[in-house]
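Undergrad: Quick one, structure for this:
(2 chains)
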Amino acid sequence: GESVGLHLPTLSVQEGDNSIINCAYSNSASDYFIWYKQESGKGPQFIIDIRSNMDKRQGQRVTVLLNKTVKHLSLQIAATQPGDSAVYFCAENDMRFGAGTRLTVKP
Amino acid sequence: GAVVSQHPSWVICKSGTSVKIECRSLDFQATTMFWYRQFPKQSLMLMATSNEGSKATYEQGVEKDKFLINHASLTLSTLTVTSAHPEDSSFYICSARKGQRGAGEAFFGQGTRLTVV
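TA: As a prediction, this is how the structure comes out:
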């Protein structure tokens, strides 16, 4: 998605619940997508990626879903933990970032 | 995993001076490096993409003469903020991608917090 410098949307969940973070992208020609996690004052960390020939990919406690028809990505985090609190960004292969979502996990 | 080192992690400089930020891929060759700027509570804004040995491609609205990018080797890219002003104060982050251009995971440095006084 295009990085437009907007203030971040937020998602607050209870510890142990599942989290779903959404991202819309703009370039229909993009063939590779990445989810990153950024903790305060640090650089982003890779979470999971997916290529456009797939619509779902699973990692440890995370699943990425890709809907090319509507140019939408989602990141699902199972059994969310306090350590998952961070800002989550999606990026396309041109490494432009989406607006991001701040996830807060309540104990 | 691959490591990208960014230096310095923070810097304070006076208005009118220039500041150089280094981004190194420590254990892989980076065919492409990316430079970002991030304001508090906002997303990463891509400033430029640089491929080793060629000129950087700047995003619209980013001044080439203000933000000089050099990607002289497969392990080092530098961003120089020239004639810095207080509005240039920000968090600058680099990332490096290995392997085939245009695809694959990019690894991020830890960021540089620039304060211009």
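
Undergrad: Chain A: strands as residue ranges?
TA: A:10-14, A:19-24, A:32-38, A:45-51, A:56-58, A:62-67, A:72-77, A:86-92, A:101-106 (DSSP state E).

Undergrad: Hmm, residue B:67 is touching residue B:50, no?
TA: No. Using C-beta atoms under 8 Å, residue B:67 is not in contact with residue B:50, being 11.2 Å away. Where you see a C-beta, it was placed from the backbone N, CA and C, and this is true even at glycine.

Undergrad: Neighbour count for these two, which is higher?
TA: Taking neighbours as other C-beta atoms under 10 Å in any protein chain shown, residue B:67 and residue B:50 compare with residue B:50 leading, 26 against 20.

Undergrad: Surely that one is in a strand?
TA: Yes. The assignment for residue B:50 is a strand, going by DSSP: H, G, I helix; E, B strand; the rest coil.

Undergrad: ok now do the closest residue to chain A within chain B, which residues does it touch?
TA: In chain B, no residue comes nearer to chain A than residue B:108, which is 3.6 Å away by C-beta to the nearest C-beta. Contacts for residue B:108 (C-beta atoms under 8 Å, 6 or more residues apart in numbering or on different chains) come out as A:36, A:43-45, B:4, B:93-95.

Undergrad: Apply 10 Å and report the result again.
TA: When contacts are counted by C-beta atoms under 10 Å, 6 or more residues apart in numbering or on different chains, residue B:108 is found next to A:36, A:38, A:42-46, B:4, B:6, B:23, B:34, B:36, B:44, B:93-96.

Undergrad: do you know which of the strands of chain A lies nearest residue B:62?
TA: strand A:86-92 (17.9 Å; C-beta to C-beta).

Undergrad: Can you tell me the closest non-neighbouring residue to the residue in chain A positioned nearest to chain B?
TA: Relative to chain B, the nearest point of chain A is residue A:43 (3.6 Å; C-beta to the nearest C-beta). Nearest residue to residue A:43, sequence neighbours excluded (C-beta to C-beta, 6 or more residues apart in numbering or on different chains): residue B:108, at 3.6 Å.

Undergrad: Check residue B:5 too.
TA: residue B:24 (4.8 Å).

Undergrad: got any ranges where the chain has weak pLDDT?
TA: Looking at chain A here, since you left the chain open. A:1-7 (pLDDT under 70).

Undergrad: Let me rephrase: I mean chain B.
TA: For chain B, counting by pLDDT under 70, the residues that fall below are B:1, B:99-103.
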